[in-house]
Each structure stands twice: as C-alpha cells, then as structure tokens.
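Enquirer: Need coordinates for the following:
(one chain, ligands or ions: 5)
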Amino acid sequence: MVHTIEDRIRIVAGTVSVKLKEYIHIKDPDMDRVIEAMDYSLSAGGKRIRPFLVLSVCDMLSGNRKEAMVYACALEMIHTYSLIHDDLPCMDNDDLRRGHPTCHKVYGEATAMLAGDALLTYAVELVASQPDISAEHKVLAIECLTHEAGVMGMIGGQQMDLNGEGHTMSYEKMTKMHSLKTGALIKCACRLGAISASVEDSKKLSDLDQYAEGIGRVFQLVDDILDENSSSSELGKPIHSDVKNKKTTYLTFMPAEMAEQLADVITDKAVEALKDYPNNEILCDLAMYLKKRKK
Ligand code: IPE
Ligand code: IPE
Ligand code: MG
Ligand code: MG
Ligand code: MG
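Expert: Ligands and ions are numbered 1, 2, ... in the order given. The predicted model follows:
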C-alpha cells in the first residue's frame, strides 16, 4: 500500500505517543501531580515531526530503529518541555497548546515549570539508562541533545526571541534566532538519526545539517505565517501571539506571499543536499509537506 507523507507522519505519531506513555509510567503518589502534568502535555497531541525526522533519517541510512525510537522519544520530551515553558506567562503567555489549555492553566505555573524541567532531565536519563545502546552512541546522543537544547541552541534562540520583543531586530539576527530556537532541535533530530546508523562521515553529517538548517528555517517561517493567518481551532494554539508579544517575525520584513516564495527557495536548497542519497524520498516529501502545512 502506498502511504502519503501525511499518513506516514500520522502512523509514526501514533507509535511514538504509545512509547511516550510507556516511558512516563512512573508511579509514586508523592510525585503524582508533576508526573500527571508531564503526561498531560506529552499526550495532548502534537505532530511529532521531530521523532518522525529521527526515524526517517535512521531509515534512510539503514540505522537501528529501536535505538532511534529512544532518541525520538527523548527529543519529543525536550521539545514538549520547550513548549510548556514557551507558553508560561513570563514567556509568550499563551493559554492553548495542542488543542488543550496550556500546562500552567491546568496545573499552575510552578508545576508547569517543574514538569518542563522534569521532561528535560528525564529525556537525558532515558537515553543514559538504555542497556541495549552502546556507551559510545549514548554519549554522542546526549551531547547532541543537550547541546542543541542548550544555550548555544534552543535556549539561546529563545533568549534572542525575548531580546527582540518590542523592537525590530535585523533580518540577519532573526535568521540566527530561528536557526537556534527552532532549527537546533530539528538539526538534533537528523543527527540522532545518523547516530542510530553509526554515521560519522563528515560529508554525510554536513549534508544532513544543510537539510536540517533549511527545513528548520522554513518550519519557523510557516509557524510565523500561521500565527498571522490561520485559526486557533486549526492550529490548536492561539493566533496573533506574535503581534500580542511584539515579536520580530518573517512577516515584519515581508508579506506572507513573499515569505512563501522564500520557503520554496529554502526548501529546494534543503532537498538538494540529499539528492545523491538512495531512499531519500520520505525526507524530500517531508520538506515539501512542512512548507505547505496548515497546522
Ligand atoms: C511548535 O512546534 C513550536 C515551534 C518550534 C514553531 P510544532 O509545530 O512542532 O508543535 P507540535 O509539537 O506539533 O505541537
Ligand atoms: C517557539 O517559537 C519555539 C520554541 C523553542 C518553543 P514560538 O513561540 O513561535 O512557538 P509557538 O508559536 O508558541 O508554538
Ligand atoms: Mg515563543
Ligand atoms: Mg510561543
Ligand atoms: Mg509561533
């Protein structure tokens, strides 16, 4: 049976969601509230694009799928933590996420903050505690996860995003901010797929980085357009959050139609990086899907 890219993403999302549920099955009544908050945000849905990327890169490079699934879940935990904190009143102050009230609306700010922290640390523990993954791969994976989520990655990008509130940053700075706040975890996904396939070849890694850099930029570009032009029922999160918070986005610099044309150019370049790889179809289809996505 031929699956569309949307079908494939949905199927992987289902498998990843089951796995995540299994991993968060920690039982201690004293910690119930924070564990429930972690599970609430993880189970609320989400497209699971980063896990899909980890697994698709693993498949393209004939890697170990079981290992890649662990990395995929760890990365989704870190991504979910970034969303919980991004929505807090001291950050974007948003009330809806993945079609449900945000974590802090249900559990309060303090527990939401702890749930985010716990998802980050648990992601690292999850990878470190796998008996079937080699020590060498675990170190590489943890280095990648913590670097890309950290101050020179997603956190750095979120700080730049805060720095830019209320005044327009330069186009170059905005591009750097996007590469970090959104691109870093997407690059991490591709790198984790490569680790599961024991790929160390620097040409292959830089091709994957080029692909990731392109789709990461387009991912945030589309997010900025959807924030302006979509509806909260379709997106599962509030619209006009960027205007509310006086953010610098692609739409600060150009109309949506021009931003869409730019997305075409960046996507073509991203896909070009993988042109010589056999079995690159799913990653190419994913890049096309991400620039056209409606949620
Ligand atoms: C939203 O990410 C945050 C950004 C980096 C733009 P997603 O659009 O992947 O959110 P979910 O995981 O599907 O909810
Ligand atoms: C956030 O970007 C990226 C993260 C690191 C969470 P946004 O603030 O634009 O993400 P949304 O629109 O709230 O999902
Ligand atoms: Mg934000
Ligand atoms: Mg936000
Ligand atoms: Mg946004």
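
Enquirer: so is Asp32 in a helix, a strand, or just coil?
Expert: helix (DSSP: H, G, I helix; E, B strand; the rest coil).

Enquirer: Quick check: end-to-end length of stretch 225-240?
Expert: Stretch 225-240 has its terminal residues 10 Å apart, counting by CA to CA, to the nearest Å.

Enquirer: Just the strands from the stretch 1-150 of the chain, written as ranges.
Expert: Per DSSP state E, counting those that start in this stretch, the stretch 1-150 of the chain carries strands over the ranges 96-97, 100-101.

Enquirer: nearest to Lys246, of those strands?
Expert: Ranking the strands of the stretch 1-150 of the chain by distance to Lys246, with CB to CB as the measure, places strand 96-97 first at 19.9 Å. Where C-beta positions appear, they are placed from N, C-alpha and C, glycine not excepted.

Enquirer: by contact count, what packs against the closest one?
Expert: Counting contacts by 3 or more CB pairs under 8 Å, 6 or more residues apart in numbering; DSSP states H and E, strand 96-97 packs against helix 65-87.

Enquirer: The helix it packs on close to ligand 5?
Expert: No: against ligand 5, helix 65-87 shows no contacts by CB under 5 Å from the ion, the least distance being 8.5 Å.

Enquirer: so how far is that helix from its chain's centroid?
Expert: Computed by CA atoms, centre = their mean, to the nearest Å, the chain-centroid distance of helix 65-87 equals 8 Å.

Enquirer: rewinding a little: now tabulate the strands of the stretch 1-150 of the chain in a markdown table and tack on mean neighbour count.
Expert: Output for those, formatted as a markdown table (neighbours: other CB atoms under 10 Å):
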| stretch | mean neighbour count |
| --- | --- |
| strand 96-97 | 21 |
| strand 100-101 | 16 |
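
Enquirer: So which of the ones you listed is nearest Leu55?
Expert: Among these, if distance is taken as CB to CB, the winner is strand 96-97, at 23.7 Å.

Enquirer: What strands line up against the closest one, and which way round?
Expert: Sheet pairing of strand 96-97 (DSSP bridges) gives strand 100-101 (antiparallel).

Enquirer: rewinding a little: of all the strands of the stretch 1-150 of the chain, which one is nearest Val265?
Expert: Here strand 96-97 is closest among the strands of the stretch 1-150 of the chain (CB to CB), at 30.9 Å.

Enquirer: From ligand 4, how far off is the residue of the stretch 151-295 of the chain found nearest ligand 3?
Expert: When scored by CB to the ion, the stretch 151-295 of the chain has Asp161 as its residue closest to ligand 3, at 5.4 Å. For Asp161, the distance to ligand 4 equals 8 Å [CB to the ion, to the nearest Å].

Enquirer: Secondary structure of that residue: a helix, I assume?
Expert: Yes: assessed with three-state DSSP, Asp161 lies in a helix.

Enquirer: Much appreciated, bye for now.
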